[in-house]
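**Student:** Fold the following.
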Amino acid sequence: MAAMKFYMTPGSCSTGIHIILEELEEVFEAHIVNLPAGDHFKPDYVAVNPKSTIPALVRPDGSALTEVVSIAYWLARSRGRGRLWPADVDAEARALEAMVYVVGTVHGQGFARIFSTPTFAASPADRPKVETLGRDIVSQGFSILDAALAGRDYVAGSFSAADPILFYVEFWADKTGMELPANLAAHYRRMLERPVVQRVLREEGYNLALLGVKQSLPN
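**Tutor:** The predicted structure follows:
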C-alpha cells in the first residue's frame with residue numbers, strides 16, 4: 001500500500017497534523033507547500049486540493065483529505081488503533097469542541113487578521129484596527145480555552161489529537177510575543193517536552209532553545 005503524502009508548510013497549522021502523524025509513527029512523504037511563493041495555487045497542488053489551502057493529506061487509497069479538523073479526526077480514529085482519539089463520548093465531544101474553536105475562531109478569525117491583515121483591510125489606514133481586533137479575538141479565545149483546561153493536563157483529559165491542534169496556536173502566540181494564560185502556558189510547556197514535538201519542530205527549522213521562554217513558570 002502506498003505511503004501517505006502530506007502537504008504542509010512549516011510553522012503553519014499543518015504543524016499540528018505533522019505532530020499527529022509522528023505521534024502515530026506513520027510512514028508518509030512530506031511535500032512542502034511554499035505559501036509566499038504561491039505554490040498553493042499551482043496546478044499540481046490544486047489537483048490535490050482545489051481549495052488551495054494547507055494542509056492536505058493523500059491517504060493510502062489515493063484520496064485526498066483537507067481541513068485540519070477533518071484530517072486530525074480521521075488520523076486519530078482510523079490510525080494507530082485509535083489511541084489518539086478519546087473512547088469516552090464526552091471526552092470525544094470536548095476534543096472536537098476545542099479543535100473546531102481553535103481552527104475556526106482563534107486561527108480563522110483571530111490570527112488570520114494578525115498574519116494576513118491586508119486581506120481584511122484594503123486601506124493601510126484600516127490595518128491597525130484589523131490587527132487589534134485579531135489580537136482581541138485571540139485573547140478572548142485563549143481565555144475560553146484556558147478555562148476549559150482547568151484541572152486537566154490535556155484537552156480531553158489524556159493526550160489526544162486535539163492537543164497538537166491547540167499547540168499550534170500556542171506556538172504562534174509564543175512566536176509573536178503573546179503571553180499565554182496559566183493553563184495554556186502549562187499545556188504549551190507540556191507539549192514542548194514531548195520528544196515527538198521536539199523532533200517535529202527541529203524538522204521544521206525551529207530552535208527549541210528559543211521557544212517557551214515567555215511562557216516559563218513564575219519565580
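
**Student:** Show me where the chain has its helices.
**Tutor:** In the chain, the helices defined using DSSP state H lie at 14-23, 43-48, 68-78, 89-101, 112-115, 117-120, 127-148, 162-175, 182-192, 195-203.

**Student:** Run through the neighbouring helices and strands of the longest one.
**Tutor:** So the one you mean is helix 127-148. With contacts taken as 3 or more C-beta pairs under 8 Å, 6 or more residues apart in numbering; DSSP states H and E, helix 127-148 sits against helix 89-101, helix 112-115, helix 117-120, helix 162-175, helix 182-192. Every residue, glycine included, has its C-beta placed from N, CA and C.

**Student:** Deepest-packed of those helices, please.
**Tutor:** A comparison of the helices and strands packed on helix 127-148 by mean neighbour count, using mean count of other C-beta atoms under 10 Å, puts helix 162-175 on top with a mean of 24.

**Student:** That one relative to helix 14-23, how many degrees between them?
**Tutor:** 140 degrees (axes from the mean of the first three to the mean of the last three C-alpha atoms, to 10 degrees).

**Student:** Now helix 162-175 - C-alpha only, PDB.
**Tutor:** Only the C-alpha atoms of helix 162-175 are listed here, as PDB (Å, rounded to 0.1, in the frame of the first residue of the first chain):
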ATOM      1  CA  ALA A 162      -6.800  17.800  20.000                       C
ATOM      2  CA  ASP A 163      -3.600  18.700  21.800                       C
ATOM      3  CA  PRO A 164      -1.400  19.200  18.800                       C
ATOM      4  CA  ILE A 165      -4.200  21.400  17.300                       C
ATOM      5  CA  LEU A 166      -4.300  23.500  20.400                       C
ATOM      6  CA  PHE A 167      -0.500  23.500  20.400                       C
ATOM      7  CA  TYR A 168      -0.100  25.200  17.000                       C
ATOM      8  CA  VAL A 169      -1.900  28.400  18.100                       C
ATOM      9  CA  GLU A 170       0.000  28.400  21.400                       C
ATOM     10  CA  PHE A 171       3.100  28.100  19.300                       C
ATOM     11  CA  TRP A 172       2.000  31.100  17.200                       C
ATOM     12  CA  ALA A 173       1.400  33.100  20.400                       C
ATOM     13  CA  ASP A 174       4.900  32.300  21.600                       C
ATOM     14  CA  LYS A 175       6.400  33.300  18.200                       C
END
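
**Student:** Other residues contacting that helix?
**Tutor:** 11-13, 15-17, 19-20, 23, 68-69, 72, 94-96, 98-99, 102-103, 106-107, 111, 138, 142, 145, 154-156, 179-180, 184, 187-188, 191, 197, 211-212, 214-215 (C-beta atoms under 8 Å, 6 or more residues apart in numbering).

**Student:** same question for that helix, mean pLDDT?
**Tutor:** Helix 162-175 comes out with an average pLDDT of 98.

**Student:** From residue 61, how far out is residue 2?
**Tutor:** Using C-beta to C-beta, to the nearest Å, we find residue 2 at a distance of 8 Å from residue 61.

**Student:** more neighbours, these two?
**Tutor:** residue 2 (11 against 8; other C-beta atoms under 10 Å).

**Student:** Domains in this structure, by residue range?
**Tutor:** The chain breaks down by automatic domain parsing into domains covering 4-81, 89-194.

**Student:** Residue 203: which of the ones you listed is closest?
**Tutor:** domain 4-81 (7.8 Å; C-beta to C-beta).

**Student:** Give me the pLDDT value at the nearest residue to residue 33 once chain neighbours are set aside.
**Tutor:** Nearest non-adjacent residue to residue 33, counting by C-beta to C-beta, 6 or more residues apart in numbering: residue 39, 4.7 Å away. On pLDDT, residue 39 comes in at 95.

**Student:** Good, wrapping up.
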